[in-house]
Every structure is written in C-alpha cells, then in structure tokens.
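**Student:** sequence first, predicted model second:
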Amino acid sequence: MQLASTAQSSDPIKYRAPYLLVSRLYHHRLFPRWPGLDRGLNRKAKSVLQHDTFAPGLERARDFFRYLSHAGSQARDSSGEILSRVRGSLGDLLDPALSPGHTVMFSRGDQEFTTDQVEERFSLSVREGLNLVSRQLDQLERDLLNQLAEADDALVEENFPRTKSHHARMLQNSLRQFCARLVKRSIGGRQAVCRDASYFQSYEKALRDPRELLDVRRQLKKLLHDDRNQFRASLVTTFGQPVAQRSRDIVLLTSAVTVRELPALVSTGRPAEPIPYLKVDCHVVPLTFSLFKALREVVAGLHDASLPAEIFALLNGIKSLVSGHLVRNVVILDEESRIELGNSGQCVEISGENFQVMEARRQ
Amino acid sequence: MTSEEFIQNPWKDGSGHPQYKESFLNMRPAPEYASGEVLLASLYRNVGFSEKISEGKVPALGRDLAKRLERGRRPGGEQGTGIGLDALKNLMYGALSSPKQPNQTTRRFLQLCPLIPDAAIYSLSARLSANSWNPGELVKRLIGFGESDSSRVDEKWRGLFHHLSVGANDDIWAKFLTKEFTSWRTDDLRSEWNLPESAERSPAIERWHNGSATIPAQQFVRDLEHTLFLKERLTRRQWISLIESILRLGAASHVLWLCRAGSAFNDAITCVLNGGTPASEAELRRRITVGDPFWRYGQVAGRTIKDNVQGFVMSRLAINLLLWHCDAEVVGGVNALSGQSLASIPAMAIFLTQLAAIRGQLRMDEFHQHLHRAIDDNPRVVAGKEGIGSNIGEFLRHVLGQRQTSEAGMDSYDQGYYLRKRGNYKTAPWVVSLGPVSVLTLVHCCTHLAKGPRTVEDFCRHLANYGIEIRAQDVPQSDLGQTLRNLGLVLDSPDAEGGMVLVSPFKSPITGE
C-alpha cells in the first residue's frame, strides 16, 4: 500500500504494488505456484509489447509480464523447508487451481457455478470473467483484475500488425490463464475446493462411520489376493525383489486372509485415533489418506499396475508380513494350502509335519 | 629373525613379529574374496558343522551331490519328500540357486542360496578349490570383539546356532527343504549340525577388551541379536536376507576399522620416532575409536577402499619392522619395552612412551633404509594392487557391493547391499548406497529397543556407528530418503529432527510388538 501511494510515479517498482498486495492475501500465500507464463515462446512473444508505448492497456500488460519475471526469480532464490513443502506436496494436494472441472466453485441464488464455467468465462475475456465473479473477490483482487482486464482488451489481435498478431494472442492467453488461476484460488481457497475434495469428504466420513469403508476393504482384499481369491506367499523372494520368473517362483497358496476394520479404541483420557485402521490377518494397517484414495481410485476403475509407487510398496510390505505369519501357522497350513513349485507341474500338499508331492491341478 | 631377514620377505605369514601377531592389529583370518552369502554359509559351517564339512571340503561335497543328482540315487535308499527327480533338479539349479558371478557363467557347479544349514554343506565356499579361507571365523571373532563379557560370547554363539537351525516352528518351505536335503546326506554326514561346544575367544581379543574403544563390532553384536529375533515374523528367505545384510555390514566395517586402527598406531609411532611427544592413552583411544566415518553416503567407494588398504599394508610393514629393530637394538629386546606391547590401547600407549625414552638406542638410519628397501622391492603390494592389500580390497568390494550377475532375471536378487554401481555399464563406479533390505534391517535395529519415537537423526547416528556418514538434513534429497519413503519406514512429523519419524517395519502401530 505504501509502495503504491508514496512511491514516485517514475519509480520502477511501483508497478508491482497491486500484485504484491494481492499475493499477501492468505489464500495466495498458501498457493504461490505459477506455471512459467513468461518463459519459452512467451519470452519471444513479449517483444510485441515494446511497439506502442502510448496505449495504457499495453502498459498494464507490460507491468504484468515484468512482475511475472520478477516473481519467478524471487521464487527461485528463496528456499527453505517450509517454502519447499508449500510449493511441493501441499500445493499438489490442495491447490484449488487444480480442482476438476465439475467442482462447484460458488452459487448465486439457486444457480451453481463450476470451475469449468469460471474458466470458460475467463477464456472469453478477463472482463467477462470478472463480471461473473466480481462479488466473490476482495477489493484488492478486483482492482488488480480491472487492470488486467485493460491489458486484456489492449492485447486483441486487431491492434497489432498481422505478423505480430499470433504473439499478442499468446500473451493474451497467458494473461487470461493467470486471471482464472487467481480467481480459482481466491474462491476455492475459501470454499475448500481442491482436486481431491470429494475423497477428503468421504475419508472424513469414514473416520466416523466404518461402514463407509466396505468397498475400500473389499478392494484391499482383492489387491492382496490373486484372481482365484487365494493368498500367494512367495517363498523365494525377499523385500524389494521383484516377483521371480515363473520357472523359479515358489509360492505358498493359502485360502484368503481376512481384512477387517479395527474398531476405534475408545479410551478415556486419550484423544480419539485420528485415522481408521484395517486389520489384515493379524497385522494392523493404518488407512492413510493416500492408501484410501488409491483404493477408491481402483474401485473407480484405475488399473492396479498404475498405483503410485509408495502404495505398491506398502501392499508388498503387507504381503511380506502376512506371508511371514502364514508360513509358520500350522492351523492355516493344514487347511487348504499347498506349495507350488514353479512351472514344474508339481505341488506340495501339507499335512502336519508331512508333505505329499503331487501333480498340480490343471487350471 | 633379524630385520634384514624380515625385509627379504615382509609379507610372508611367518615373518610377522610375535608381538604383532598376538595383537588385535593382526588381521586374522586374512580376508579374501567373499560375498554376503559366502559369509553366511561359512557362518553356518562354523556354528554347527564339524571338520568333516570344512571350507575346503565344500566344493568336493557339492560336486558329489551334483553327480548323485544326475544318477538320481539317494544314499542309503532314503525316500525324502517324494518330489520328482526332474522337479528337484529344476529346484537346485533354478529356484534355490543363487546367481553366479559374470565370469562364472559357463562353469557348472551347484550354488545354493543358504536358506537352510544343509545348503551350506554343498556350496558357497569362498573359492571353488580346496584352499578357501574361512569367512565364518571372521564373524566369530567379530562377536568376540563386540561382546566384552566373555561368558556371553558363548551364549551368543549358541544362540546363533539355535536361530539358524530349522526348528519345529519354522517356515514350512525350510522344513520341506530340510527333509529333502537330509535324505541326500551321505552316511558320514548324517549326524552333522550339532550345538557348538563353546566359542573359545583368542587371547588377542581378550586383551583388547582391557581398555577398549568404541568400534563397529559392538553395534554389530547388538544389531545381529535384534535381527535374529525377527525369525518368527518373516519367511525364511526374508529373514536370511536380513541376517546376511547385517553380517556384511558388520564384517566390512570391522575390517575397515582394523585398517584404520593399524594406520593410526603407525602414525603415532612415526610421530615418536620423529622426536614428537608420544600420544597419551586417551588420545590414542580417540584416534582408534570409530569417530570419523569411513564413507560418506553417495560417495564413490573405490578411493576409500584403496586408501584404507594402503594404510593397513604400510602400517603392518612399518610396525613389524620397528619391532624387529627393537628386538635387535634395545637391551632386553622388545619385551623390555612392555609386557604385551600391542595387545590393547593402554599397552600401546605405554609402548609409545617407552619408545620415546629409548629412541636414542635405535639406529634410525638403518630403520629408514630397511623400510624404503621393503617398499621399493614390493611396490605393487604396498600400493594395494596385489597380495594382502588387494585381497582386503576385494573382500570389501564384494561383501558390500550389490551382487553382479549375467543370469537373466537375477539382477535384483541381492537387495541387502551397501555399495551399488552408479550406471549400467561394466566399469561404472561403485557408490555408497543402501539397498532396501539393508535399510529395513537397520531401521528395525535402530527402532527396536527405543522407548520413544526415533527420528532420522537417530538413524544417521546408527549408521555412523558403522562408519557411514550422512546428515539428517540430506536424507530427504538422497536416494536413502526415497527408499525410506517407498518402504513406508518414515512418517512426516513437524516435531522430529529432520522432519521425519522412523516407523519400525515389523511392529504394528496399535498393538505394539
């Protein structure tokens, strides 16, 4: 504010004032990541801004791109544990700018406006977009967007020679993208809109009501077992080692292991458990949000092989631990379990301390 | 022996001075090539088998078994488990086999993963000939070094036997294999695998414990015990790979420490001979303790191995030469200097003080001449390119490095490594990097007895006890951080040093152990 009011009109950094003020707003502080709008082809395209210095709109556009390059270099220079987390994992998880198109951003009367609609308006022009969301924004943001709307108007193709018009078009696109992102963060930040918002809601519900977990539990069970619902405990591989070739693979096949919810421990004097737990065989597995989301995604049709590496490693870890328990559990071994000896066509049936080698049942 | 005779052949086994031979500085058994599995298989043989299955006899026993497998006849008409002969052969040369080195691809011999004691009868001796060294002996000494109470050494050694045996509550696959393998034993081997009588500790180790310093062996003994107790919770193969991993780290760190101790003592002697003040006992202990790391995480390993090996070879030469000189030139011989001059740190400190006192009696010119002559005559040995130095280097490289093989689908067989190749080409340098099994083992050992939560900082300290250096703030960026995350061994926590809390891999979060 001080910069805007007291700095001389010729002060080269005065143009930054509205941007800095907006960037200090809480939701913009939380999500400071911007795509490189002033890099690549845009850098070359910026040359069109140098031609006509008299149009006030172009001056605004120039300010916008000057600010972007300044902010970009600031971001590269600043580092630190908290900043890197805000820019990294937190941004990926919670940034409203990444919310899917069908998410409702805000409602006016009984009409709801989704992310897609907001983006659509901004893709027509900044002024169109601003007209739609004006009432949802802070005064500071409105001021900035008004300036950018001027810049947007000045960047229309007709104002430039034909050889330059595609550059102008490109800059205009970047500017509209910036505005749409700014607005999505401003509104979405307050409405808790983000990419995984629906997953967060059902995860929260599951904390209170374990019945919500039914499909997740089933899915986990399915992932841990083979297509015939048998548990395969590899006897010749260790942690981190991929599944052996078919000819070398020795597995213990047992009936399915149980996957149950663990009832929340209610104890006086202690806070309630913050996350739900599942019990696989006799191992307790914390159902973290990432695991919950991965399982829900599999329910929704994601292929198992596309699960994130950490979830895959977690599933392998659970399998290894369950295997360790199964291979010495006499009761389970005595039931329907057998050892399959690679592709030799033989398998070993177990009964107590005795083994019986027989031809494997053809599938 | 005179110093003249000594420098004629300074590396021969018999040419070492008795004082040196009786000291902990004397590396016994002298390490040569061994992989992690060789170390483990040899440990099986040392713990439970008699002289009938010594290192040298293993290759012959392996060839014998292979022949009998070809003929398809079990000795004494035993029945075994009833598995078909073809299936059994497939098992021996397929699922149960452990990958061969790239230069052994064309050779036909049995190499079995040391899953059960019986597998160690037939394979995995350090050499394929009858004159192998005994890596299991090194582990036995390691336990001796790590455990100060001599009565507990026996207990540990016997505990090792009980854990390594295939008992009633063991993995079903291990039981199956034991039954099958037993039926292939020849008559004279029927009664093998018995409780060892005792792990007699050599006098050199007994004397070392008088005023000892902090060394990797102590951490190893604690960690080995924690890892042994995991047996109940894992499949045999998983458990064995964990044990192998901790053995590898323990043995290699111990050898590196011996190199460091030798060269530290040599430096102290050189300082005294040059007229400096002798190092005090505390100073000497500080230099010998594993304080400064051997490696930094992520660094290229070749240089470290070479430097340590050269330091050791040089120290062995110089210390022995000095002792022979003292014998000849000091009145009353070297024994007049101190009773057991190199047996322990206090004795070494006394030796240095007395050496300073009799410095005048030594013919220093002659000593230096002899030293230079010995170096000039054996430049390749002193450079660690052949002989004892090269052997130690090879041991460290193979025991720590990820197993290399050209067998299809077996490249990731070894996951308990501490050095890995940086790059996919043949001459790629080795860098310090922990494999998933190594990380699991060490995280378990680090968190096992902890009362409160353990952080990445604690893990770094644990690694430092083995001489591996990494700072807690560097962990998230390194591949160690990535492995920890992938295996689910850390949780982000704002309260923890380095921002991460270790999660014990083998404990359930609510029900505890």
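**Tutor:** Happy to help now that I have it.
**Student:** make it CA atoms for all contacts and neighbour counts henceforth
**Tutor:** OK.
**Student:** near chain B, which residues of chain A? Just list them.
**Tutor:** Within chain A, the residues that sit near chain B (Cα under 8 Å from any Cα of the partner chain) are A:235-242, A:244-245, A:247-250, A:283-286, A:309-310, A:313-314, A:317, A:320-321, A:323-325, A:327-328, A:341-342, A:344, A:346, A:355-357.
**Student:** mind giving me the ChimeraX select for the residues you listed, buried ones only?
**Tutor:** Buried members of those, defined by 16 or more other Cα atoms under 10 Å in any protein chain shown, are picked up in ChimeraX with:
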select /A:235,236,237,238,239,240,241,244,248,249,250,283,284,285,286,310,313,314,317,320,321,323,324,325,327,328,341,342,344,346,355,357
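**Student:** tell me where the stretch 351-500 of chain B has strands.
**Tutor:** B:419-421, B:430-432, B:468-469, B:490-492, B:500-502 (DSSP state E, counting those that start in this stretch).
**Student:** Throw those into JSON lines and include mean neighbour count and mean pLDDT, thanks.
**Tutor:** Output for the strands of the stretch 351-500 of chain B, formatted as JSON lines (neighbours: other Cα atoms under 10 Å in any protein chain shown; pLDDT from 0 to 100):
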{"stretch": "strand B:419-421", "mean neighbour count": "23", "mean pLDDT": "95"}
{"stretch": "strand B:430-432", "mean neighbour count": "21", "mean pLDDT": "96"}
{"stretch": "strand B:468-469", "mean neighbour count": "20", "mean pLDDT": "95"}
{"stretch": "strand B:490-492", "mean neighbour count": "17", "mean pLDDT": "82"}
{"stretch": "strand B:500-502", "mean neighbour count": "23", "mean pLDDT": "87"}
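**Student:** can you tell me which of the ones you listed is nearest to B:P293?
**Tutor:** Evaluated over those, closeness to B:P293 peaks at strand B:468-469, with 5.5 Å, by Cα to Cα.
**Student:** how about the residue most central in space within chain A, what does it touch?
**Tutor:** Of all residues in chain A, the one closest to the mean position by Cα atoms, centre = their mean is A:L93, 4.3 Å from it. By Cα atoms under 8 Å, 6 or more residues apart in numbering or on different chains, the contact list for A:L93 reads A:194-196.
**Student:** most surrounded residue in the residues you listed?
**Tutor:** Of all the contacts of A:L93, the most densely surrounded is A:C194 (24 neighbours; neighbours counted as other Cα atoms under 10 Å in any protein chain shown).
**Student:** what's the pLDDT at that residue?
**Tutor:** Note for A:C194: predicted pLDDT of 89.
**Student:** where are the low-confidence patches of the stretch 51-200 of chain A?
**Tutor:** A:51-54 (pLDDT under 70).
**Student:** if you set the cut-off to 80 instead, what comes out?
**Tutor:** A:51-56, A:75-86, A:88-89 (pLDDT under 80).
**Student:** show me where it has its helices.
**Tutor:** A:56-77, A:81-85, A:91-94, A:115-124, A:126-133, A:139-154, A:165-191, A:197-208 (DSSP state H, counting those that start in this stretch).
**Student:** the stretch 201-350 of chain A too?
**Tutor:** In the stretch 201-350 of chain A, helices defined by DSSP H, counting those that start in this stretch lie at A:214-224, A:289-299, A:309-326, A:330-334, listed in chain order.
**Student:** ok, residue 315 - contacts?
**Tutor:** Chain wasn't specified; assuming chain A. A:L224.
**Student:** hm, I was asking about chain B
**Tutor:** Residues in contact with B:S315 (Cα under 8 Å, 6+ apart) are B:262-263, B:265-266.
**Student:** now the buried members of the residues you listed.
**Tutor:** B:262-263, B:265-266.
**Student:** can I get those residues in a markdown table including pLDDT, secondary structure and distance to A:S123?
**Tutor:** Formatted as a markdown table, these follow (pLDDT from 0 to 100; DSSP: H, G, I helix; E, B strand; the rest coil; distance: Cα to Cα, whole Å):
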| residue | pLDDT | secondary structure | distance to A:S123 |
| --- | --- | --- | --- |
| B:G262 | 95 | helix | 75 |
| B:S263 | 94 | helix | 73 |
| B:F265 | 95 | helix | 76 |
| B:N266 | 95 | helix | 77 |
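**Student:** and chain A, which of those residues contact it?
**Tutor:** Counting by Cα under 8 Å from any Cα, no member of the buried ones among the contacts of B:S315 reaches chain A.
**Student:** from the residues you listed, pick the one nearest B:A251.
**Tutor:** Of all the buried ones among the contacts of B:S315, B:A251 sits closest to B:G262, with 16.7 Å by Cα to Cα.
**Student:** wait, isn't that closest one in contact with B:L25?
**Tutor:** Yes - here B:G262 reaches B:L25: they are 5.9 Å apart, a contact under Cα atoms under 8 Å.
**Student:** pLDDT below threshold where in the stretch 51-200 of chain B?
**Tutor:** B:77-78, B:199-200.
**Student:** where along it do the helices fall?
**Tutor:** Applying DSSP H, counting those that start in this stretch to the stretch 51-200 of chain B gives helices spanning B:58-71, B:85-93, B:119-122, B:135-146, B:150-164, B:172-182.
**Student:** highest mean neighbour count out of these?
**Tutor:** helix B:119-122 (a mean of 26; mean count of other Cα atoms under 10 Å in any protein chain shown).
**Student:** in the helix or strand hosting B:A264, which residues are buried?
**Tutor:** Secondary structure from DSSP states H and E places B:A264 in helix B:236-273. Buried positions in helix B:236-273, judged by neighbour count with 16+ other Cα under 10 Å: B:236-269, B:271-273.
**Student:** the inter-axis angle of that helix versus helix B:135-146?
**Tutor:** Inter-element angle recorded for helix B:236-273 and helix B:135-146: 60 degrees (by axes from the mean of the first three to the mean of the last three Cα atoms, to 10 degrees).
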